[in-house]
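>>> Predicted model follows, preceded by the sequence.
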Amino acid sequence: MASEKIPGWVERLLLPKLSEITGNIKAVNGRIDALDSTMTTRFDSLERKIDTLRNEITSLRKEMNVTIF
């Protein structure tokens, strides 16, 4: 199989654009990773707050049951 060269016009016109697109994709991936990290942190915080609220509700129910009975 003979090695095929990329035609000059393709190299001049398309390869710079492909490189630019590749760079943009990498930048978008970086932003997505950062957003994922931020969202994970916020969801973890929210889950802790919900757990705290559940515990407070459970404690309140116990106190109410002791007071009523």
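Great, that's in hand.

>>> going forward, measure contacts between C-alpha atoms and count neighbours the same way
Will do.

>>> Three-state assignment for the residue nearest in space to the middle of the chain, please.
Central residue of the chain (CA atoms, centre = their mean): Asp36, 1.6 Å from the mean position. Secondary structure assignment for Asp36 (DSSP: H, G, I helix; E, B strand; the rest coil): helix.

>>> What separation do you get for it and Thr58?
Distance, Asp36 to Thr58, by CA to CA, to the nearest Å: 32 Å.

>>> And Thr41, by the same measure?
Noted for Thr41: a distance of 26 Å to Thr58, by CA to CA.

>>> same question, Thr40
27 Å.

>>> where exactly do the helices run in the protein?
Remark: helices assigned in the chain by DSSP state H are 8-68.

>>> since we're on Asn65, how many residues are nearby?
10 (other CA atoms under 10 Å).

>>> any idea of the pLDDT on it?
Asn65 carries a pLDDT value of 86.

>>> Likewise for the one 4 residues further on?
Each residue has a pLDDT score; the one for Phe69 is 61.
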